[in-house]
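Chemist: show me the folded form of this:
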Amino acid sequence: MQADASTKPPLNIPRRAFDVALCFAPLVALLASLPVGIAHPGNPRFSGVGFMIAAAVIALLNAFLTGSGIPILGTILLTEGVADGFGASGSALIGLGAFLVDPGGSGWFVVSTWHDRGLWDGESSKSARDT
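Modeler: Coordinates of the predicted model:
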């Protein structure tokens with residue numbers, strides 16, 4: 001017997017909002033770093049570029065080898081790179097490209113799991129099967 005729509009638990013909005021903010025924090029930091037680097041031409045353009053290049057390599061590996069075993073490593077490298085080189089516009093551009101390409105990164109994780117109520121809202125699959 002199917003569960004009535006009125007018996008479904010509501011979406012866990014605070015949890016979803018916190019998790020989305022956490023997953024997209026590297027993107028926000030990269031987007032903030034770019035104009036800071038442009039506004040201050042005295043800043044080094046490629047500070048932290050080693051982390052960004054490593055993140056880009058991981059992103060390309062994740063894109064070509066779907067299902068690779070290193071999905072979150074690119075996001076970790078991006079976060080370290082933007083922390084190390086905040087305001088470096090060249091590094092920020094490399095990082096933005098890596099973030100957008102990496103299917104194993106935190107942003108794509110949110111996009112691909114958004115409809116999974118068990119993950120986001122704590123609705124167990126057992127209770128869904130029992131009704």
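Chemist: give me the most central residue, the chain.
Modeler: Among the residues of the chain, the one closest to the centroid is Ser106, at 2.4 Å (Cα atoms, centre = their mean).
Chemist: any idea which element the residue lying closest to it once chain neighbours are set aside lies in?
Modeler: Leaving aside its chain neighbours, Ser106 sits nearest to Cys23 (3.9 Å; criterion: Cβ to Cβ, 6 or more residues apart in numbering). All C-beta atoms are positioned from the backbone trio N, CA, C, and that covers glycine. Secondary structure here is read from DSSP states H and E; on that basis Cys23 sits in helix 13-39.
Chemist: show me what counts as buried in that helix.
Modeler: Neighbour counts using 16 or more other Cβ atoms under 10 Å place Asp19, Cys23, Pro26, Leu27, Ala29, Leu30, Ser33, Leu34, Gly37 of helix 13-39 among the buried residues.
Chemist: any chance of the residues you listed in a markdown table, plus pLDDT?
Modeler: Putting the buried residues of helix 13-39 into a markdown table (pLDDT from 0 to 100) gives the following:
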| residue | pLDDT |
| --- | --- |
| Asp19 | 89 |
| Cys23 | 92 |
| Pro26 | 94 |
| Leu27 | 95 |
| Ala29 | 96 |
| Leu30 | 95 |
| Ser33 | 95 |
| Leu34 | 94 |
| Gly37 | 92 |
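Chemist: for Gly95, state which of these is nearest.
Modeler: Nearest to Gly95 among the buried residues of helix 13-39 is Leu30, at 4.7 Å by Cβ to Cβ.
Chemist: what residue ranges in this protein score low on pLDDT?
Modeler: Across the chain, residues meeting the criterion (pLDDT under 70) sit at 1-9, 68-69, 123-131.
Chemist: which residues in this protein form helices?
Modeler: Secondary structure of the chain (DSSP state H): helices located at 13-39, 49-64, 73-84, 89-101, 106-113, 117-120, 125-130.
Chemist: ok, back up a step: summarise which helices and strands the helix holding Cys23 is packed against.
Modeler: In terms of contacts (3 or more Cβ pairs under 8 Å, 6 or more residues apart in numbering; DSSP states H and E), helix 13-39 is packed against helix 73-84, helix 89-101, helix 106-113, helix 117-120.
Chemist: fine by me, we can end here.
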